[in-house]
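Q: The following comprises the amino acid sequence and a computationally predicted model.
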Amino acid sequence: MLSLKQLLYCSLAGGIRLILMNSQFQKIISDRVEISTALNSWKRVTEGVHLHNFGIDPYSGDLFHETPIGLVFFTWILRYLSFWSIRILFVVADLLTSWFLFQTARHYVKEVEKREKEAKEIKKPAEELYTPISKNPTEELSYTPISKTATSSVFYVPAAYLFNPYIVLNCVALTTTVFTNLLTSLALCFMIKKYKFATCLIISLLTLQNLYPASLIIAATIFVAKDAKTNRETVKVILTMVTLFLTILSSFIYLSYHIMGNWNFIKNTMGFILIVPDLRPNIGLYWYFFTEMFEHFRGLFIASFQINVGLLYVVPLALRLRNDPMLLSFAYLAIIAIFKSYPSLGDVGFYIALLPMWQHLFRHTQQGFIVGCFMLFCTVFAPTVWHQWIYSCSANANFYFGVTLAFVIAQIFVLTDVLFASVKRELALKSDIQNEINGNNAKLVLE
């Protein structure tokens, strides 16, 4: 049940969204290229639904890029819900997302705290279970036990989502990323609760819609496989999860074919994400790079970019973060938001909202202030440069791309800082490093 404080926060967050939706800024926000892209624009959704209602295939052109299952869902919304009901639906979806993130954080903190307690009792190796075991209890540890940040982490995660400016703007603009974030939060919640079928179902839906979230099935498999006691059971779990995922995904693809009666949707959904034919500006890297690219090199560099976001980091991160699948999921989501072909601020806001879950790592981070300033600067400066480029004609595309490039670099620093902080804490736990050595302050530095 929700406490009174949580209800007040949800009411405040919902009120902020509804007030902005009813203001003159709603149309301005919904037209911003940082928020609305070819994949999540509500205007494109409504036009696609109207084409479908008139018997015209919405996938015959280059307008509609939602899945056929999404087409059915949005057709139902536009047919049976009023103007205000649709806006309330978006707000409710955001509130539900925060609730599932709250549940995810609560279960994650309990699981890690339980592992630390068990490790302390049975003296398991610290490098496997992240167990703080101090040789001298009077000395201050150079790491923060998760039990000290458990309560605040569980509270800050939904708060960071509800009051994140990127998420608020994303909801006010009525982008379909609101529903994508809801499905992603569901996937994380089911993942940590180890619901095999439900997790594979949601990740399959996300894969059909955005392709890149297929990497989350690896983190989900690791979560479930942690309960296996033998190698044979582990192999069985892996085969079960992969088979479930591929079967459900194939079923969704066939269902999409059954809805449309043809395979045109493949080109305008997964194909659109992979080939990147729409080069209108956004906060990503593709649009400027492929605008300047010679056409005969396009295939090579498209493959290079897609391998970078979809395959390059999957196995190395899975091997390194196998003891913390939730941090692995965070890394995958961050990489997707940074390097995907059509990113938006809604994608960035989602993984940033997960950061308080690793509050116990913050003492090991080093780039927080610099990264925060960079992201604030880029967020404020991007609309300014856009106005100078498009309306004042006193700048050009290089200026806007410079801001988006700085924004991408800032996000990379966020991810690497958190991952290095995890490595530092693991080293501190393994070596039982103290905050003070012979009365002098100690600092843990990786070289």
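A: That came in fine, so what should we check first?
Q: contacting residues around residue 58?
A: By C-beta atoms under 8 Å, 6 or more residues apart in numbering, residue 58 lies in contact with 47-49, 51-52, 64, 71. In short, each C-beta sits where N, CA and C put it, glycine included.
Q: could you dump the residues you listed to TSV with secondary structure and pLDDT?
A: Supplementary listing: the contacts of residue 58 in TSV, determined by DSSP: H, G, I helix; E, B strand; the rest coil; pLDDT from 0 to 100:
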residue	secondary structure	pLDDT
47	helix	95
48	helix	94
49	helix	95
51	helix	94
52	helix	93
64	coil	93
71	helix	95
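Q: Output those in a markdown table; the columns should cover neighbour count.
A: What follows is the contacts of residue 58, written out as a markdown table (neighbours: other C-beta atoms under 10 Å):
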| residue | neighbour count |
| --- | --- |
| 47 | 15 |
| 48 | 25 |
| 49 | 22 |
| 51 | 18 |
| 52 | 20 |
| 64 | 26 |
| 71 | 22 |
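Q: can you pull the contacts of residue 99?
A: residue 158.
Q: Numbering from 54 from now on, please.
A: Renumbered: residue one is now 54, and that last one reads residue 152.
Q: centre of the chain versus the one helix or strand it maps to, how much separation?
A: Secondary structure from DSSP states H and E places residue 152 in helix 136-175. How far helix 136-175 lies from its chain's middle: 14 Å, per C-alpha atoms, centre = their mean, to the nearest Å.
Q: Same question for it: list its buried residues.
A: 139-140, 143-144, 146-148, 150-162, 165, 168-169, 172 (16 or more other C-beta atoms under 10 Å).
Q: Quick check: which ranges of this structure have low pLDDT?
A: Applying pLDDT under 70 to the chain flags residues 54-55, 169, 171-197, 200, 484-500.
Q: tell me the strands in it, going along the chain?
A: Ranges of strands in the chain, per DSSP state E, are 489-490, 493-494.
Q: hang on, the earlier thing: pick out the most distant pair among the contacts of residue 111.
A: 100 and 124 (11.7 Å; C-beta to C-beta).
Q: Find the residues that touch each one of these two.
A: Counting by C-beta under 8 Å, 6+ apart, the residues touching both residue 100 and residue 124 are 111, 117.
Q: Can you dump the C-alpha atoms of stretch 88-97 in PDB for me?
A: Extracted in PDB, the C-alpha atoms of stretch 88-97 (Å, rounded to 0.1, in the frame of the first residue of the first chain):
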ATOM      1  CA  ILE A  88      11.900  14.800 -27.100                       C
ATOM      2  CA  SER A  89       9.900  13.700 -30.100                       C
ATOM      3  CA  THR A  90      11.500  11.500 -32.800                       C
ATOM      4  CA  ALA A  91      10.200   9.600 -35.800                       C
ATOM      5  CA  LEU A  92       9.700   6.500 -33.500                       C
ATOM      6  CA  ASN A  93       7.800   8.100 -30.600                       C
ATOM      7  CA  SER A  94       5.900  11.000 -32.000                       C
ATOM      8  CA  TRP A  95       2.300  11.100 -31.000                       C
ATOM      9  CA  LYS A  96       1.400  13.100 -34.100                       C
ATOM     10  CA  ARG A  97       2.700  10.300 -36.300                       C
END
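Q: OK, contacts around residue 282?
A: Counting by C-beta under 8 Å, 6+ apart, residue 282 has no contacts.
Q: Check the gap between it and residue 290 for me.
A: 11 Å (C-beta to C-beta, to the nearest Å).
Q: what number of residues lie near residue 312?
A: 14 (other C-beta atoms under 10 Å).
Q: quick one: it and residue 126 touch, right?
A: No. Residue 312 is not in contact with residue 126 according to C-beta atoms under 8 Å; the separation is 11.0 Å.
Q: Can you tell me how far residue 83 is from residue 90?
A: 12 Å.
Q: of those two, who's got more company?
A: residue 90 (28 against 18).
Q: tell me the phi and psi of that one?
A: phi -120, psi -180 (degrees, to the nearest 10).
Q: mind giving me a markdown table with the contacts of residue 111 and columns for distance to residue 263?
A: Putting the contacts of residue 111 into a markdown table (distance: C-beta to C-beta, whole Å) gives the following:
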| residue | distance to residue 263 |
| --- | --- |
| 100 | 20 |
| 101 | 17 |
| 102 | 20 |
| 104 | 22 |
| 105 | 21 |
| 117 | 15 |
| 124 | 15 |
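Q: give the contact list for the closest residue to residue 214 other than its chain neighbours.
A: Spatially, and ignoring its direct neighbours in sequence, residue 214 is nearest to residue 406 (3.8 Å; C-beta to C-beta, 6 or more residues apart in numbering). Neighbour list for residue 406: 154, 210-211, 213-214, 217, 220 [criterion: C-beta under 8 Å, 6+ apart].
Q: Over to residue 162?
A: 199, 203, 206-207, 410.
Q: what does residue 335 give?
A: Counted by C-beta under 8 Å, 6+ apart, residue 335 has contacts 86-87, 90, 395-397, 457.
Q: again, only this time at 6 Å
A: 86, 90 (C-beta atoms under 6 Å, 6 or more residues apart in numbering).
Q: which residues sit against stretch 236-250?
A: Contacts of stretch 236-250 (C-beta under 6 Å, 6+ apart): 150, 153-154, 156-157, 160-161, 251-252, 255-256, 258-259, 273, 276-277.
Q: gap between that stretch and the chain center?
A: 14 Å.
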